[in-house]
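Participant: How does the following fold in three dimensions:
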Amino acid sequence: AARAAPLLFSVPCEGSSPFSKFFNPRQFASLKRLCDLFLPAGPGSPGALEARVPEFMDFLIGDAPVQRQQLWLSGLDALEYQSQARFRKACADTDATQADTLLAPLRQSWNFEPPDDPVARLLVAAKQDVRTATYNSFERNLAASGGTIRRGGGGLYWLAVE
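Facilitator: Below is the predicted model of the structure:
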C-alpha cells in the first residue's frame, strides 16, 4: 500500500552561526567590516551587524542580476587588494584609521556618472544598500517599537507562519 511521505519540519536555531552562500569567506569578512563601518550600533539602536545585514546582502546579491553581482565581487576583491597593498592586512582586520583611508572614495564630490574605480563604485552602492537593509530590518524595527511586535496589519513585516 502506498504511504504518503512524512513532511519534515525544522525550526531554524537562533544560536546557529550563519554562513555565506554567495561571497567567499574573505569577501564576506570585508562585507562585515563595511557594514560595521557604515552603521555601527548605537545606544538602543542595533547596527548593521546586529541587524544581520551581511547575511541579508549575501542572499540579496546572490540572487541579483550578474552586473550587480560583478559590482560587488570585483569591488570587494579590489578593496581587499588595496588593504593588503597598503597595510599588509585583510580589510576585516583594519583599525579605524586604516579603514578611513580605504573609505576615502566616499569623500569625493557626487557625480551623475558612477566612478570608474571598482572600489569607489562598490562603496557608493554598499553604503546605500547597507543603510537601506539596516533601517528596514526586523531588529531595527523591533528596537524602535520598544521591543513589541504589533499584530493586526500595522507592521512593516510579514512574519512566517509556522
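
Participant: what's the span of stretch 90-102 from first residue to last?
Facilitator: Terminal residues of stretch 90-102 lie 12 Å apart, using Cα to Cα, to the nearest Å.

Participant: What distance do you get for the nearest residue to A51 once chain neighbours are set aside to P54?
Facilitator: Nearest residue to A51 in three dimensions, chain neighbours excluded: S137, at 3.6 Å (Cβ to Cβ, 6 or more residues apart in numbering). The way it works is simple: take the backbone N, C-alpha and C, and place the C-beta from them, glycine included. For S137, the distance to P54 equals 12 Å [Cβ to Cβ, to the nearest Å].

Participant: For the two, work out which one has more neighbours and name it.
Facilitator: P54 (24 against 20; other Cβ atoms under 10 Å).

Participant: tell me what the strand or helix carrying that one is packed against?
Facilitator: P54 belongs to helix 53-62 when elements are defined using DSSP states H and E. Secondary-structure packing of helix 53-62 (3 or more Cβ pairs under 8 Å, 6 or more residues apart in numbering; DSSP states H and E): helix 25-38, helix 66-87, helix 118-135.
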